[in-house]
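Chemist: my questions concern the predicted model and sequence given below.
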2 protein chains.
Amino acid sequence: MNTRLRPMLGIDFPLLAFSHCRDVVAAVSRAGGFGVFGAAGYTPEELEAELRWIDAHVEGKPYGVDLLIPENLTIRTGAGASSADLLAQIPPQHRDFVRGLLQHHGVDPDRPLGDRRRDDPDRPPPYQRETGERLMDVAFRHPIRLIANALGVPPASMLERAKAGGIPCAALVGAREHALRQVQAGVDIIVAQGGEAGGHCGEVSTMVLVPEVVRVAGDTPVLAAGGIMTGRQMAGCMAMGAAGVWTGSVWLATAEAETSPVFREKMVAARSRDTVRSRGRTGKPARQLKSAWTEAWEGPDSPGTLPMPLQGLISEPAMARVNRAAEGGNEAARALVSYFVGQGVGLVESVQSCRGVVDSFMQEFAEALEDMQALAAG
Amino acid sequence: MNTRLRPMLGIDFPLLAFSHCRDVVAAVSRAGGFGVFGAAGYTPEELEAELRWIDAHVEGKPYGVDLLIPENLTIRTGAGASSADLLAQIPPQHRDFVRGLLQHHGVDPDRPLGDRRRDDPDRPPPYQRETGERLMDVAFRHPIRLIANALGVPPASMLERAKAGGIPCAALVGAREHALRQVQAGVDIIVAQGGEAGGHCGEVSTMVLVPEVVRVAGDTPVLAAGGIMTGRQMAGCMAMGAAGVWTGSVWLATAEAETSPVFREKMVAARSRDTVRSRGRTGKPARQLKSAWTEAWEGPDSPGTLPMPLQGLISEPAMARVNRAAEGGNEAARALVSYFVGQGVGLVESVQSCRGVVDSFMQEFAEALEDMQALAAG
C-alpha cells in the first residue's frame, strides 16, 4: 500500500506492534508488520543484548524502539542513583500491604526471584532521564527505523539525535492538546492512543481521539491506537484519516509473547469489561486486567498508590512472584495475575502466532477495502 | 448506497439521527438521513402532536421513534399513578440539596416554570411500562419506519407489534452480552453504543464494541454509536462491519435543536475530556457535559443520587430553571448548565443546520471511500 508511512518506515502495511518481547518484535517485522521494542525496564546493557538478538533475527526488516522517558515524573533521582535509593522511600505500610496481600493469596513475598529485571536493588532506577539517555545511546547504534517516546514530549536530545540520524521520532498522546504540543516540538509521527488502550492511557476514546488529532496534526502522520485487534478496525481507523495503527494488547496473546500461560488463559476468557484504568501497577493511570491486585489497591485497606516510579518498584517484584506461584499451580495466586491490556481483550478468542495475527490483519483489511469499494460502487 | 438498511429503512445513506426535537428529526430525514424521535418524557398526547407535526414536515421521507422503556427499573408504579406519587418518595435531604445548589448559583428554586413536561405533578411518571404501551399505541398509528428501545430488551409487546406492522425494531446495547440477548429476543437492528456516547452508556468503547457486537449479531445489522460526529468516522465504522451509524450529540449543536443557546456555546467551547459518565441526571450512568451540577453530586455534601426515575424528577425541573436563569444572563447559573452529550463534543466547532451536518457527513464519507480506494489501488 502506498501510505505516507511507506517512505518513513519502509513498510507496505502500516501495522505497528509494540512489545516488550524481542521475539514478537522480530516475528511481526518478518511477517510484514513493524515491530517496536518497548525498552522501558531494561538496562542499557540488557537493551544492547535484546537489539543484537533482534538484528540477528529480523532478516533485515525494519523495526523500532520505544522508550519511556516521562515528561513529568514526581520523583527524579540524581546521576548514579540506584533502585535501592528509591526503595528506601517506600513507606512501611505499603510494604506491609503488599506482603499481606501476597500472603493472603498463598504467595511467599520473600522467595528469591532470580530475575534481575524485577528484583535487583543495584539496578538504575526506572524512567530516569539519565538512564533514558544511555538507552538512546544503545538504540541509535542499531539499525532502528523508528524511535518513540511513550509519556509526554520526547526529550530534546531524542528529537535531535533522531533528526541527525534520519530516523522518525514518534510520540504517544491521549488528548488533542497533547498532540498540539507534540507537533510544536517537532515529532514526525503522532500515536493517538485512546482510553481503551492497555497501559498508560487517557480518557478520550480512540473513535473520538483519532479524528481530533488528525485535525490538529497537519502534515504529521497519525497512528491510531487503543482497542485495535483486527484488520477491519485498522481499515476503519485509516478511513478516519490515520496513516496506520499502533497495536499492543493483541500481541500479548501470541505464542511468542513474554506473557505467562496463566495470563494468556485469562486473556482468552476475559470480556472487554474486565479491564480497569488503575494506578496500582505503575503509579500513573494504566489500563490492565482487573484482578485481586487492582481491586486491593481500590479497597478499604489500601494505603493508596505511590507516585511513579515507586509503585512499580513494589508492584513488579510482587507480580513476578505471583506469576511464578500461579504457574506452579497455586490457584489462590491466580486471582492476582494481571498485566497491562486494553478493552480489546474481549476480541481475543485464542492464542495465535505473530505471523498468524499479521496475516489475519492483512486479510481482514483487504476484506474491509472490498466492502468499501462495493459500497462506493452501489 | 446499497446497504442492508436500504430495504429495511428506505434510505440510501445509513445515517440515523436520534433527537428529542421534532425539527431535527424532520430536517435530517428531509436531508437524506433518518431521524429518530426520542419520545421519552412525552405523554401520549404530546407524542401524538409531535408525530403529527413530523408527518406534516418530513415530506414523506422515512423516520422512526425511540422509546425508553427500561428493562430494569428500580421503582415501578401501578397503573394510574402520577408523578406526584413518585415525588413523595424523594427524601427531604435531596430536595434541600437541590434547593441549596440552585440558590448558591442564584437560581430561584421556586420560580414557576410554566413547562408541563418538566413540572407537572399530575403527569404520568416517566419510563413506566403502562406509559410505554400508550406511547407505542401512538407511534404505531403513524407512518414510522423504525421503532427502537433505549434501555435493555424491548418489551415483548413492542417486538410483536413491530413484527405485525412490518416495522423493524431496534435496541441499544453497551456490551457484547447484551447484544446476544437482543438477538435471542428477535430485534431486527442492534445499536452498539460505546461508552463515549452521550446519554445512558456502558464502559466499552465504540472501537471495541462494534466489532464485538458484529461478531455475535450474525445476520442482524449493527449500527455503530458513540462519539460519531463525522462522515469519516461513519465510513470507519462501516469498514469495521457496521451497517450504518446512530448519532445523537452532533445534532445538539444544530440551529434546529431544542438545546439552549448557552448549552450550544458550551458545546462549541468544550473539549472531549469535558464530559463525565454520571448518575446525577437520571439515576443511571449517563454521559453529559461536566458542570457544577455533575460535580455537586460527586462532592462531599452530596446526598447520593436516587434511582431512576426519581433522580430525573428532581434534576429536570432544576435544570429547566437553571437554563432559564442562564439564558436570562445569570452568569452563576451558567456553571450549572449541562445536558447529555458524548466525548465527540470535542469535534464540534460551530453550530450548523441539520442539512449542513448531513451534507458534511455525505461529503466526508465519500472522501473516506476515495481514500480507501486509493489505498486499495496503491
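Modeler: Yep, it's here.
Chemist: for residue A:305, what are its contacts?
Modeler: By C-beta atoms under 8 Å, 6 or more residues apart in numbering or on different chains, the residues touching residue A:305 are A:279, A:280, A:283, A:297, A:311. All C-beta spots, glycine's among them, are computed from the backbone N, C-alpha and C.
Chemist: check residue A:243 too.
Modeler: Residue A:243 neighbours (C-beta under 8 Å, 6+ apart): A:3, A:4, A:5, A:14, A:189, A:221, A:222, A:223.
Chemist: make it 10 Å
Modeler: A:3-6, A:8-9, A:14, A:189-190, A:214, A:217, A:220-224, A:237 (C-beta atoms under 10 Å, 6 or more residues apart in numbering or on different chains).
Chemist: need the buried ones from those selected in PyMOL.
Modeler: A single PyMOL command selects the buried members of the contacts of residue A:243 (16 or more other C-beta atoms under 10 Å in any protein chain shown):
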select buried, chain A and resi 3+5+6+8+9+14+189+190+214+217+220+221+222+223+224+237
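Chemist: anything in stretch A:136-152 near chain B?
Modeler: No - applying C-beta under 10 Å from any C-beta of the partner chain, one finds stretch A:136-152 separated from chain B by no less than 16.6 Å.
Chemist: point out the residues in the stretch 101-250 of chain A that sit beside chain B.
Modeler: So far as C-beta under 10 Å from any C-beta goes, the stretch 101-250 of chain A lies against chain B at A:174-177, A:194-197, A:202-212, A:214-215, A:224, A:226-242.
Chemist: in strands, which of the contacts of residue A:305 fall?
Modeler: Members of these lying in strands (criterion: DSSP state E): none.
Chemist: which members of the contacts of residue A:243 occur in helices, if any?
Modeler: A:5, A:6, A:8, A:9, A:214, A:217, A:237 (DSSP state H).
Chemist: Serialize those to a markdown table and add fields for pLDDT and distance to residue B:153.
Modeler: A markdown table is the format used below for the ones in helices among the contacts of residue A:243 (pLDDT from 0 to 100; distance: C-beta to C-beta, whole Å):
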| residue | pLDDT | distance to residue B:153 |
| --- | --- | --- |
| A:5 | 94 | 44 |
| A:6 | 93 | 48 |
| A:8 | 96 | 49 |
| A:9 | 97 | 47 |
| A:214 | 98 | 37 |
| A:217 | 97 | 42 |
| A:237 | 98 | 32 |
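Chemist: ok so, going back, what's the PyMOL line that selects buried ones from the residues of the stretch 101-250 of chain A next to chain B?
Modeler: Of those, the buried ones go into a single PyMOL selection, burial set by 16+ other C-beta under 10 Å:
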select buried, chain A and resi 174+175+176+194+195+196+197+202+203+204+205+206+207+208+209+210+211+212+214+215+224+226+227+228+229+230+231+232+233+234+235+236+237+238+239+240+241+242
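Chemist: in strands only, show me the residues of the stretch 101-250 of chain A next to chain B.
Modeler: residue A:224.
Chemist: I'd say residue A:345 and residue A:267 touch.
Modeler: Yes - between residue A:345 and residue A:267 there is a contact at 5.5 Å, judged by C-beta atoms under 10 Å.
Chemist: quick one: neighbours of residue A:313, just the number.
Modeler: If you count neighbours by other C-beta atoms under 10 Å in any protein chain shown, residue A:313 ends up with 25.
Chemist: in the helix or strand it falls within, what's buried?
Modeler: Assigned by DSSP states H and E, residue A:313 falls within helix A:310-327. For helix A:310-327, burial by neighbour count (16+ other C-beta under 10 Å) applies to A:310-326.
Chemist: how about the residue in the stretch 1-150 of chain A positioned nearest to chain B, what does it touch?
Modeler: Proximity of the stretch 1-150 of chain A to chain B (C-beta to the nearest C-beta) peaks at residue A:2, 3.1 Å away. By C-beta under 10 Å, 6+ apart, the residues touching residue A:2 are A:12, B:374, B:375, B:377, B:378.
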